[in-house]
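Enquirer: Show me how the following folds:
(2 chains, ligands or ions: 2)
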Amino acid sequence: MNVINKAQTNTATKNPCKLCSPFGASLVFKGIRGTIPILHGSQGCSTYIRRYFISHFREPVDIASSNFVEETSIFGGEKNLCEALENVNKQYNPEVIGVATTCLSETIGDDVPLFLNDFLKKKGAEPFPDIIFVSTPSYSGTHMDGFHAAVRSIVEYYSRSRQTESSASLISQAGKSVAVFPNFVSPEDIRHLKQIILDFGMKFVFVPDYSDTLDGATWDKYKKIPEGGTPKDDLLVLQKISSVIEFGDSLDGKDSAGKFLGSEFGSKRYGLGLPVGIDLTDNFLNSLEIISGRKTPDKYIAQRGRLVDAYCDAHKYLFGKKAVVFGEEDMVMSIARFLCEIGMIPVLCASGAKGDKMREISQQLFLEYKNEIIVRTKADFVDIEEESEVLNPDLLIGNSKGYSLSRKLGIPLVRVGFPIHDRFGASRISHLCYKGTQELFDRIVNAVIAKKQSESVAGYTYM
Amino acid sequence: MKNEKKIEPDGEVLVEDILAKYPPKVAKKRNKSIVFNDPSKDQPIQSNVRTIPGIITQRGCCYAGCKGVVLGPTRDIINLTHGPIGCGFYSWLTRRNQTRPGPKGDNYMPYCFSTDMQDDNIVFGGEKKLKEAIQEAYDIFHPKAIGIFATCPVGLIGDDIHSVAKEMKEKLGINIFGFSCEGYKGVSQSAGHHIANNQIFKHVVGLDDKKKKGKFLINLLGEYNIGGDAFLIEDLFERCGLTLVSTFSGNSSVEQFANCHTADLNLVMCHRSINYVADMMEKKFGIPWMKINFIGANASAVSLRLIGRYFEDEELSQRIEKVIKEEMPAVEAARKEVMPHTKDKLAMIFVGGSRAHHYQELFAEIGMRTIAAGYEFAHKDDYEGRKVLPDLKVDADSRNIEELVVEKDPERYKLRKTSEELKKLRESGVEMKEYDGMMPEMVNNSVVIDDISQHETEMLIAEYKPAVFCAGIKEKYTVQKRGVPMKQLHSYDYGGPFAVFKGAVNFYREMDRTINSKVWGLIKPPWDSVPEITATFVLE
Ligand code: SF4
Ligand code: SF4
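Expert: Numbers count the residues shown, from 1 in each chain, chains lettered A, B, ... in the order given. Ligands and ions are numbered 1, 2, ... in the order given. Okay, here's the model as predicted:
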């Protein structure tokens, strides 16, 4: 037995397991302080994308649009884009405007960088927010491609910008700093990662950091743009930071932001899998030890100890249990490795992405654990369902879109990733490092126990 | 936040404050969409115009209105999105329209079908992929009908979805038709409603002449069964002895659309989204329509009575009175119970193309005043009444939406009421084909704003501090961040039903709980409130 790789078999996509690129770009822009995104295209894309953000994060999310109409689609969107820039600036007074394309403006071939150039030229000396552009045609990628492209655009933009006085002073007092490109994780995950780095005595620059903007407190006064996000001054020092941690196996060998900093400024790039489980978290903390020159703080050693202890105690519930994992490629891969670690079998790993890395990592997992794994790339939920009917899994791990399958098969769905719009508290779901894994682990164990309990004829209260 | 009442603001100052934040050209344009209502005057309001680029709107696109709103609630048609993945993903089972397929009925509503166009489809065209996708959907599900929905890129690369539909219809022998509802058409989802109306009328209405049994055959148009509203209405009709042929489109099936032309009266609930079909059915088949409203207990009673009088049948009217009498005690009891907590409080409603009007009824019934309201995608007639229709200018954005030329059906046209009879009905207060719009029914000095922006919302809330703000999910958390309760009227916050009598009771109680929850009082931490003594010091 081996790893079985299957690509897309059907022509049409039914119940997709991916979102579109400008979604990912908008998410990244939400993690930069004082930023309003503009999607260059018809207003429908912005409205739909905002709606999706809001139903998951339950926070205000403003995304503007250049509002194409029929004639814009024919004659091009320059005028509309300039108008949108002016209006967003006047109303929101942002520090940054993030411009991402949609399928429409990509299809008509709008040369947005040229438009922006001309626009700024016309502005002359008049101050205007920074404009960061990213091209996000959805017909050539998923939301994660949009996400990574936006991270790279932001990093490129600021490492090529001139230092400001405040950023220069930041550099001199920076001491040990690390740049972190955390991938698509929850606001709670970002907060946890930040705390860990602080505990190693270091400063950080996260791209993005939406831990406050997409999970904030109530307001005493109206805020046009929610507080939080990585400030511009921090972004300006990126090029001086010698170590970069970039999460996500899929970025390996790609033109990522981390790779850019490496090749342009000689930063050392630590490309790590999202730290779910013992092994991957050990890797992450090891890297921090190297970067900071400090030992892992006791607090984390204690967390690791408790997690391993829990693994041992719950092993009786989990060993040999089969799980279907789906969603964003990088999250799927990290969870698959974590599942092998705790004695479960990730019988099916599926993602709507092209997913080259998924195959490679599953192969490694097979060699190490001898588990048979089916890998489905460019998958939709009809594919996942077909496989699941044969595989007979005990558990599904993924986003809310897996609910109908969970209902059909009568097995629990442990919710991770995006979107989670059928449960409360998506922003505060933890997945990462010992502590986040502990929470995820407890949820998995309890899902298995709950199923066993509800199936017990006697109705045991003692499991 | 405490609900400090401030009913009579200085209108001019507020508008000036709102507009000050806009560049001059934008201010000039927005000014026309903001009115301080004076029902004694004919006040024009600008609506159904393009949203200005960069002004964040709550509006969606033409595709959203076509696929999501009108066809979304129809369970037995496969809705196939032709385009890149996002458009289809975002419109996948997000609305709260419910359906009852019955034990053997088809229900494709939980599915999202998309051609998921890739680079090469954009470059070389996507017709081949579309055909394959149709074939695939057919092979898997064997549906009775498939609808194809075009998204923005499709129109530009020149895929001809209609000829693909025709070809596949002939090949597979099921009803297949397309909607050219590219998102850039029109100025909002409203354009999509129109396109959906046209295509359903062209491709489905009239396909089946089988007449349902029953003495009083009606269609309900523009009711989408959010939160199960249509279930309550259906039950009410049955008890009154009315036979519902078809609903556009809550809890609907394509089969029902096919013989809707056999009904004798069309009831129009949401005028904006469905008046096109009502007009076309009248022209082609001779079915008159009347505007009714089943939101609000009083409005429901009035609407039922109008139906009774239209059919001029004593027995029917008596049954209707009996039903109203059965329903009202529970309504009155609930009203009495919540009134002390809701009376004189302020509400704001900015939503849709009819709800911002209809829900004012419910608030009035519990003593609340709707101080500000507006639609997201309505037209001038929904604000000012159909009397403005003859003078309406057709602009470029409306012109690109097809107006079907409809003629009398030579065989099936049947006059339901002679013009004499209609005249008599009108004299007795039963108006056919009329809608007076929202503004005449709002009290003096209420604020009416079309396509309200985030910024304008904020200014209104600061000025009036309403007890509740009603809109959609996109506004929900911005409003609640400031401690103002927010009720979603698109999805009902996954609650409801709110229609007719039982729904009214639900709504009263829900408003009471929403407005008077202790949660809102927790927003300000104790250390933030300035002790009174400090104030005295400052004064001295
Ligand atoms: S057109 Fe493209 S960008 Fe817009 S919603 Fe559809 S897939 Fe996303
Ligand atoms: S691409 Fe067009 S059809 Fe699709 S969501 Fe955007 S505006 Fe609507």
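Enquirer: so where's the longest helix in the chain?
Expert: No chain specified, so I'll use chain A. Taking DSSP state H as the criterion, chain A has its longest helix at helix A:433-455.
Enquirer: meant chain B, my bad for not saying
Expert: From DSSP H, the single longest helix across chain B is helix B:314-342.
Enquirer: List the buried residues in that helix.
Expert: Neighbour-count burial for helix B:314-342, counted by 16 or more other Cβ atoms under 10 Å in any protein chain shown, picks out B:316-317, B:319-320, B:323-324, B:327, B:331, B:334-335, B:338, B:341-342. Every residue, glycine included, has its C-beta placed from N, CA and C.
Enquirer: again with stretch A:430-443
Expert: For stretch A:430-443, a neighbour-count test (16+ other Cβ under 10 Å) marks A:430-438, A:440-441, A:443 as buried.
Enquirer: just to revisit the earlier point, after the longest helix of chain B comes which helix or strand?
Expert: For helix B:314-342, the following helix or strand on the C-terminal side (DSSP states H and E) is strand B:346-350.
Enquirer: How many residues are close by B:D391?
Expert: Per other Cβ atoms under 10 Å in any protein chain shown, the neighbour tally for B:D391 reads 8.
Enquirer: Check the one 4 residues further on too.
Expert: The criterion is other Cβ under 10 Å. On that basis, B:D395 has 12 neighbouring residues.
Enquirer: quick one: which helix or strand includes the residue lying closest to it once chain neighbours are set aside?
Expert: Distances taken as Cβ to Cβ, 6 or more residues apart in numbering or on different chains put B:V49 closest to B:D395, at 7.5 Å, once the chain neighbours are dropped. B:V49 is located outside every helix and strand, with elements delineated by DSSP H and E.
Enquirer: now swap in B:D397 and tell me
Expert: For B:D397, the host element (DSSP H and E) is helix B:396-399.
Enquirer: Sort out which residues of that helix are buried, please.
Expert: By neighbour count on 16+ other Cβ under 10 Å, the buried set for helix B:396-399 is B:397-398.
Enquirer: Residues touching it, excluding its own?
Expert: By Cβ atoms under 8 Å, 6 or more residues apart in numbering or on different chains, the surrounding residues in contact with helix B:396-399 are A:69-71, B:48-50, B:185-187, B:191.
Enquirer: how about the residues of chain B near ligand 1?
Expert: Applying Cβ under 6 Å from any ligand atom, we find that chain B lies next to ligand 1 at B:83-87, B:151-152.
Enquirer: middle-most residue in chain A, spatially?
Expert: A:F184 (0.7 Å; Cα atoms, centre = their mean).
Enquirer: tally of neighbours for the residue nearest to B:D395?
Expert: B:V49, neighbours per other Cβ under 10 Å, totals 17.
Enquirer: Show me which residues of the stretch 351-463 of chain A are close to chain B?
Expert: By Cβ under 8 Å from any Cβ of the partner chain, the part of the stretch 351-463 of chain A that sits against chain B consists of A:352, A:404.
Enquirer: let's see it at 6 Å
Expert: Within reach of chain B by Cβ under 6 Å from any Cβ of the partner chain, the stretch 351-463 of chain A has these residues: A:S404.
Enquirer: One more: the stretch 151-300 of chain A?
Expert: Within the stretch 151-300 of chain A, the positions near chain B by Cβ under 6 Å from any Cβ are A:218-219, A:222.
Enquirer: In strands, which of the residues you listed fall?
Expert: The strands, defined by DSSP state E, take in nothing from those.
Enquirer: So which of these reach ligand 1?
Expert: Of these, not one also sits near ligand 1 (Cβ under 6 Å from any ligand atom).
Enquirer: Need those residues in TSV (columns: pLDDT and neighbour count).
Expert: Below are these laid out as TSV (pLDDT from 0 to 100; neighbours: other Cβ atoms under 10 Å in any protein chain shown):
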residue	pLDDT	neighbour count
A:T218	92	14
A:W219	90	16
A:Y222	84	15
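Enquirer: ok, which stretches of the stretch 201-350 of chain B are strands?
Expert: Using DSSP state E, counting those that start in this stretch, the strands of the stretch 201-350 of chain B run over B:217-223, B:243-249, B:265-268, B:289-291, B:346-350.
Enquirer: can you redo the ones you listed as CSV with mean neighbour count?
Expert: Below are the strands of the stretch 201-350 of chain B laid out as CSV (neighbours: other Cβ atoms under 10 Å in any protein chain shown):
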stretch, mean neighbour count
strand B:217-223, 26
strand B:243-249, 24
strand B:265-268, 26
strand B:289-291, 22
strand B:346-350, 26
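Enquirer: coming back round to it: could you pull up the mean pLDDT of the longest helix of chain B?
Expert: In this model, helix B:314-342 carries a mean pLDDT of 97.
Enquirer: what's the answer for stretch B:171-187, then?
Expert: 95.
Enquirer: And it, how far out from the chain middle?
Expert: In terms of Cα atoms, centre = their mean, to the nearest Å, the centre of stretch B:171-187 is found 21 Å from the chain centre.
Enquirer: Just the buried positions in it, please.
Expert: Buried, per 16+ other Cβ under 10 Å, within stretch B:171-187: B:172, B:175-187.
Enquirer: Filter those down to just the ones in strands.
Expert: Counting by DSSP E, the buried residues of stretch B:171-187 place B:175-179 in strands.
Enquirer: Would you confirm that A:K321 contacts A:G343?
Expert: No - with contact defined as Cβ atoms under 6 Å, A:K321 does not reach A:G343; the gap is 7.9 Å.
Enquirer: any residues in contact with both of the two?
Expert: Jointly contacting A:K321 and A:G343 under the rule Cβ atoms under 6 Å, 6 or more residues apart in numbering or on different chains is no residue at all.
Enquirer: Can you get me the start-to-end distance on stretch B:305-321?
Expert: One end of stretch B:305-321 to the other measures 8 Å (Cα to Cα, to the nearest Å).
Enquirer: Identify all contacting residues around that stretch.
Expert: With contacts defined as Cβ under 6 Å, 6+ apart, stretch B:305-321 is touched by B:216, B:240-241, B:265, B:304, B:430.
Enquirer: Of the residues you listed, which one scores lowest on pLDDT?
Expert: B:V430 (94).
Enquirer: which residue packs closest to that one, ignoring adjacent ones?
Expert: In space, and not counting its chain neighbours, B:V430 is closest to B:R309: 5.0 Å by Cβ to Cβ, 6+ apart.
Enquirer: Against B:K322, how distant is that neighbour?
Expert: Separation of B:R309 from B:K322 (Cβ to Cβ, to the nearest Å): 16 Å.
Enquirer: A:F326 now?
Expert: Distance, A:F326 to B:K322, by Cβ to Cβ: 55 Å.
Enquirer: How about B:T418?
Expert: Distance of B:T418 to B:K322, computed by Cβ to Cβ: 30 Å.
Enquirer: Tell me the buried residues in the helix or strand in which A:E360 is found?
Expert: Element membership for A:E360, per DSSP H and E: helix A:356-369. Using 16+ other Cβ under 10 Å as the test for burial, helix A:356-369 gives A:357-359, A:361-362, A:365-366, A:369.
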